[in-house]
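**Q** Fold the stuff below for me.
(one chain, ligands or ions: 2)
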Amino acid sequence: MIAPSILSADFARLADEAARVSDADWLHVDVMDNHFVPNLTLGLPVVQALRAATDIPLDCHLMIEDPDRWAVGYAEAGAYNVTVHAEAVRDPIRTAADIRAAGGKAGLSLKPGTSLDDWSDALAHFDTLLVMTVEPGFGGQSFMPETMAKVRQARRLVDTGHLTVVVQVDGGINADTIGQAAEAGADCFVAGSAVYSTEDPAAAIARLRQLAAD
Ligand code: DX5
Ligand code: ZN
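**A** Ligands and ions are numbered 1, 2, ... in the order given. Reported below is the predicted structural model:
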């Protein structure tokens, strides 16, 4: 699956920018609060407006403090998947249950320095696991190949545990790096600049999809 990140889109034309990637599997929406990460992007009202403007499932990546309080609102707003960060969440199992009760899928994200070992037991309560392949906060950063060990570990945990968890990667994914992430076992690839910095985002998505399948 390919999930273009609207962080790299034109924020003044979000509905048009969503329409340009209508063949995407999910539309990745980076919510940043200038506390969990040193950047500020958008929040619930924009997600509500986007939900009304596109049929693409919205994949909301909450890079915020206190996600236990806010996550359910994104599910209620119609997000398909709501991902919280392991480093910020206080009660992961309850928050995942709240998101699911509101009709969303629940995601757990790990920063590059966060080990999966402490979270393997919680995984069964989530639908997606987002392995960050850059430090969260900004688009256009370079892919960190050392994060692939965690993707391999995630793949093994999901397969051996017979879990239905989507393994997602986010950050620096482009035509040069997607093969490594696919080979390590990722199922869903977030790509911001690699999709939106091109003239033809639909072609970029098709190319990434092909490279991930090769
Ligand atoms: C970074 C965000 C990413 C970002 C990826 O904190 O979580 O989703 O948009 O952008 P690229 O693909 O340009 O690295
Ligand atoms: Zn993201």
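
**Q** Next, the contact list for Ile93, please.
**A** By Cβ atoms under 8 Å, 6 or more residues apart in numbering, the contact set of Ile93 is 122, 125. No exception for glycine: its C-beta is placed from N, CA and C like everyone else's.

**Q** so which residue of the protein comes closest to ligand 1?
**A** Among the residues of the chain, Gly192 lies closest to ligand 1, at 2.9 Å counting by Cβ to the nearest ligand atom.

**Q** Using the three-state scheme, assign the residue most central in space within the chain.
**A** With distances taken as Cα atoms, centre = their mean, the residue of the chain nearest its centroid is His61 (5.3 Å). Secondary structure assignment for His61 (DSSP: H, G, I helix; E, B strand; the rest coil): strand.

**Q** List the contacts of it.
**A** With contact taken as Cβ under 8 Å, 6+ apart, His61 is in contact with 28-31, 83, 107, 109, 130, 170, 190.

**Q** any chance of those in JSON lines, plus pLDDT and distance to ligand 1?
**A** Shown next, in JSON lines, are the contacts of His61 (pLDDT from 0 to 100; distance: Cβ to the nearest ligand atom, whole Å):
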{"residue": "His28", "pLDDT": "98", "distance to ligand 1": "6"}
{"residue": "Val29", "pLDDT": "98", "distance to ligand 1": "9"}
{"residue": "Asp30", "pLDDT": "98", "distance to ligand 1": "5"}
{"residue": "Val31", "pLDDT": "98", "distance to ligand 1": "9"}
{"residue": "Thr83", "pLDDT": "99", "distance to ligand 1": "9"}
{"residue": "Gly107", "pLDDT": "99", "distance to ligand 1": "12"}
{"residue": "Ser109", "pLDDT": "98", "distance to ligand 1": "8"}
{"residue": "Leu130", "pLDDT": "99", "distance to ligand 1": "8"}
{"residue": "Asp170", "pLDDT": "99", "distance to ligand 1": "5"}
{"residue": "Val190", "pLDDT": "99", "distance to ligand 1": "5"}
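
**Q** related to what we said a few turns ago, dig out what the residue nearest to the centre of the chain forms beta bridges with.
**A** Counting by DSSP bridges, His61 is bridged to Asp30, Thr83.

**Q** Get me the contact residues on this protein for ligand 1.
**A** Within the chain, the residues that sit near ligand 1 (Cβ under 6 Å from any ligand atom) are 5, 7-8, 28, 30, 61, 134, 136-141, 170-173, 190-194.

**Q** quick one: the residue of the chain found nearest ligand 2 from Thr164, how far?
**A** Closest to ligand 2 within the chain is His61: 3.8 Å, counting by Cβ to the ion. From His61 across to Thr164, the span is 20 Å (Cβ to Cβ, to the nearest Å).
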